[in-house]
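In: take this sequence and fold it.
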Amino acid sequence: MMFTVGYSNRSKKFLKNADKALVKRITEKIEQLREDPIIHDTKRVEGSKGLFRVRVGDYRILYEVDYRNNLIGIIKIDKRPRVYD
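Out: Numbering: from 1, shown residues only. Got it, this is the predicted structure:
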């Protein structure tokens, strides 16, 4: 069963301004999450409830999973030092 992905305005803006190769890698990773929201390199974000992160090179995708509604919310996409701000 596939999850529906929702993007925050911040993550939409990031994808709009990022270069095409990076956007392709990020969207491929998000497609994997649609099938299984917790993949092998998923980590829980410390100090937050229900927030996960997955790596794409130097970038991180922060997201939440709503199992009841089969939703994945992409909160933020950014380089490692900035993503947790």
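
In: CA only for contacts and neighbour counts going forward, please
Out: OK.

In: quick one, what contacts the residue nearest to the spatial centre of the chain?
Out: Closest residue to the average C-alpha location of the chain: Ile61 at 3.4 Å, with CA atoms, centre = their mean. Contacts of Ile61 were listed using CA atoms under 8 Å, 6 or more residues apart in numbering, and they are 53-55, 74-78.

In: most surrounded residue in these?
Out: Top of those by neighbour number is Ile77, holding 27 neighbours under the definition other CA atoms under 10 Å.

In: next, that residue: secondary structure please.
Out: In three-state terms, and counting by DSSP: H, G, I helix; E, B strand; the rest coil, Ile77 is strand.

In: is it in a bridge, and if so with what?
Out: Bridge pairing for Ile77 (DSSP bridges) gives the partners Ile61.

In: out of the contacts of Ile61, which two sit at the greatest distance?
Out: The distance between the two most remote of the contacts of Ile61 (CA to CA) is 14.0 Å, for Arg55 and Ile75.

In: give me the helices and strands touching the helix or strand of the chain with the lowest mean pLDDT, please.
Out: Counting by mean pLDDT, DSSP states H and E, the weakest-scoring helix or strand in the chain turns out to be helix 80-83, with a mean of 80. On a contact count with 3 or more CA pairs under 8 Å, 6 or more residues apart in numbering; DSSP states H and E, helix 80-83 meets strand 59-66.

In: perfect, that will be all.
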